[in-house]
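Visitor: Test case, fold it:
(one chain, ligands or ions: 1)
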Amino acid sequence: MNTESLVTLDRNHLIHPVVNYRAHEQRGVAVLESGQGAYLRDSHGHELLDAFSGLWCVNTGYGHDSIVRAAEEQMRRLPYATGYFHFGSEPAIKLAAQLVELAPESLKRVYFTLGGSDAVDSAIRFIVNYWNALGKQEKKHFITLERGYHGSSSQGAGLTALPVFHRNFDLPLATHHRIPSHYAYRNPVGSDPTAIIDASVTALRNKVQELGADRVAAFFCEPIQGSGGVLVPPKGWLKAMENCCRELGILFVVDEVITGFGRTGPMFACEAEGVTPDLMTLAKGLTAGYAPMGAVLMSDAVYQGIADGANGFPIGHGHTYSAHPVSAAVALEVLRLYGEGGLLANGVEQAPRFEQGLHALLDHPLVGDARCRGMLGALELVADKNGKTPFDPGLKLADQLFEIAYRNGIILRAFADNILGFAPALCYSGQDFDLLFERLERTLDQVLDLPDVRRALR
Ligand SMILES: Cc1ncc(COP(=O)(O)O)c(C=O)c1O
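Guide: Residues are numbered from 1 along each chain as shown. Alright, predicted model coming up:
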């Protein structure tokens, strides 16, 4: 089908995630057609360097035949096996065991979902069930960070602290609370790591005290806040938050949907700080986007609490496609590529080149901040570097930036507040990075030449 017909059909029928529907109808869809390594091709034959791994998920890069073969073999043998009625399948069982082996030692049990939002939603349901099972029915309140993202399920979108996920959705609920982000570039306590960590710990303590520890179920956080603008906390922040949760008697939940599977260097970001959460949510890099899958990992204490509290009844939480055998087969091969296939090692080797490229752009008149960890990074654009003054939202700079970058052959994430997010695939080579930074600099120069931007600069 030609591109024009696809655009028309899309405009008439397909609802896209997190766009303004009217703006999408006007703009039309950009159809992606194929991918190889770090590169995508659109339906006009335009080649694009993907600097965002799809939606921070294609950590392996595109076009891995071995993943395709794993899916094909499983589809031929057994395309579906329910997990209900005590049934199961070999790939899902093996995958659960491998994840437990790779994850922080506290985590012993795995429930598979279809992605990150239902992993977070499942975690919330398990936590509610756990506290009820323990007879602590008052523990119903959840605390997250400002600018946090925890998906868009009915409950998870309330834990998400980005206003567009609440607008007209009657969220957050009265049980959803937040504390300030560590956001080093704009933290009122300044950029000193100890001061930032102390401020977060104090904020959590105060919030729990305000609500009453016997009413708080859990604190959820991302090790690096992704959709909130790639906000990288100081080293030691995650461990300090874990310790604080232990002291307060609330569950500590780490949402590694973005940061898992080598995105920040190690297999999981928790590993870097010896953090052992009560629950952990995963998705994205688990299957590198080749098939849908997410997971909730939980400690034995949480599992046993729920199991003992059931009193002979089934635990009423399930999905038809939980532990899907094809997704599990894909995930097993993806995990093999991260380890034996050398992708994690390549990510670690290439991370300094990525960091150096981002930091070099701090000299550019538009760039106020550059931050990263591993293969996850961001540039924050400002109208005035000294005052860290944001651009007027009326400029719609993010949209213009995205378009110019696309024309220059790169796909990046342009957040509404003029933060550019990057999540290159772990297969990136030095040459891919050379090309990325050459195209990125050209993009920033062209943005700088826009009359509106020139006028806004101070
Ligand atoms: C930290 C985090 N949690 C949950 C989600 C939701 O995952 P999904 O989009 O697969 O539902 C995301 C998605 O970006 C995420 O970044």
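
Visitor: so what's the residue nearest to the spatial centre of the chain up against?
Guide: Within the chain, the residue whose C-alpha comes closest to the C-alpha centroid is residue 258; the distance, by Cα atoms, centre = their mean, is 2.9 Å. Residues in contact with residue 258 (Cβ atoms under 8 Å, 6 or more residues apart in numbering) are 56, 222, 224, 226, 284, 376, 423. Heads up, the C-betas are built off the backbone N, CA and C, glycines and all.

Visitor: Residue 183 contacts residue 147, doesn't it?
Guide: Yes - taking Cβ atoms under 8 Å as the contact criterion, residue 183 and residue 147 are neighbours in contact, 6.7 Å apart.

Visitor: shared neighbours, these two?
Guide: Where contact means Cβ under 8 Å, 6+ apart, the residues bridging residue 183 and residue 147 through contact with each are 225, 228-229, 231.

Visitor: Do a quick rundown of the strands in the stretch 101-250 of the chain.
Guide: Taking DSSP state E, counting those that start in this stretch, the strands of the stretch 101-250 of the chain run over residues 107-113, 141-145, 176-179, 216-221.

Visitor: How about residues contacting the shortest one?
Guide: Taking Cβ under 8 Å, 6+ apart as the criterion, the residues outside strand 176-179 that touch it are 141-146, 148, 158-159, 161, 200, 203-204, 207, 211.

Visitor: before we move on, back to that, mind putting the strands of the stretch 101-250 of the chain into CSV with distance to residue 195, mean neighbour count and mean pLDDT?
Guide: What follows is those, written out as CSV (distance: least, Cβ to Cβ, whole Å; neighbours: other Cβ atoms under 10 Å; pLDDT from 0 to 100):
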stretch, distance to residue 195, mean neighbour count, mean pLDDT
strand 107-113, 31, 23, 98
strand 141-145, 17, 25, 98
strand 176-179, 15, 20, 98
strand 216-221, 19, 25, 98
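
Visitor: For residue 94, which of those is the nearest?
Guide: Comparison of those against residue 94 by Cβ to Cβ identifies strand 107-113 as nearest, at 11.3 Å.

Visitor: helices or strands next to the closest one in the packing?
Guide: Packed against strand 107-113 by the contact rule (3 or more Cβ pairs under 8 Å, 6 or more residues apart in numbering; DSSP states H and E) you find helix 90-102, helix 116-133, strand 294-299, helix 300-309.

Visitor: Apply 10 Å and report the result again.
Guide: For strand 107-113, the contact count by 3 or more Cβ pairs under 10 Å, 6 or more residues apart in numbering; DSSP states H and E identifies helix 90-102, helix 116-133, strand 279-282, strand 294-299, helix 300-309, helix 325-338 as packing neighbours.

Visitor: How far off centre is the last one?
Guide: The chain centroid and the centroid of helix 325-338 are separated by 19 Å, computed with Cα atoms, centre = their mean, to the nearest Å.

Visitor: What residues of that helix count as buried?
Guide: When burial is assessed from 16 or more other Cβ atoms under 10 Å, helix 325-338 yields the following buried residues: 325-335, 337-338.

Visitor: re earlier: what about the residue nearest to the centre of the chain, which helix or strand?
Guide: Under the assignment given by DSSP states H and E, residue 258 is not contained in any helix or strand.

Visitor: Quick one, grab the pLDDT at it.
Guide: Residue 258 is assigned 98 on the pLDDT scale.

Visitor: Residue 49 versus that one, what's the distance?
Guide: 20 Å (Cβ to Cβ, to the nearest Å).

Visitor: just residue 270 next, same as before
Guide: From residue 270 over to residue 49 the distance is 30 Å, taken as Cβ to Cβ.

Visitor: Mind putting the contacts of residue 258 into CSV with neighbour count?
Guide: As requested, the contacts of residue 258 are arranged in CSV below (neighbours: other Cβ atoms under 10 Å):
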residue, neighbour count
56, 25
222, 25
224, 26
226, 25
284, 27
376, 26
423, 29
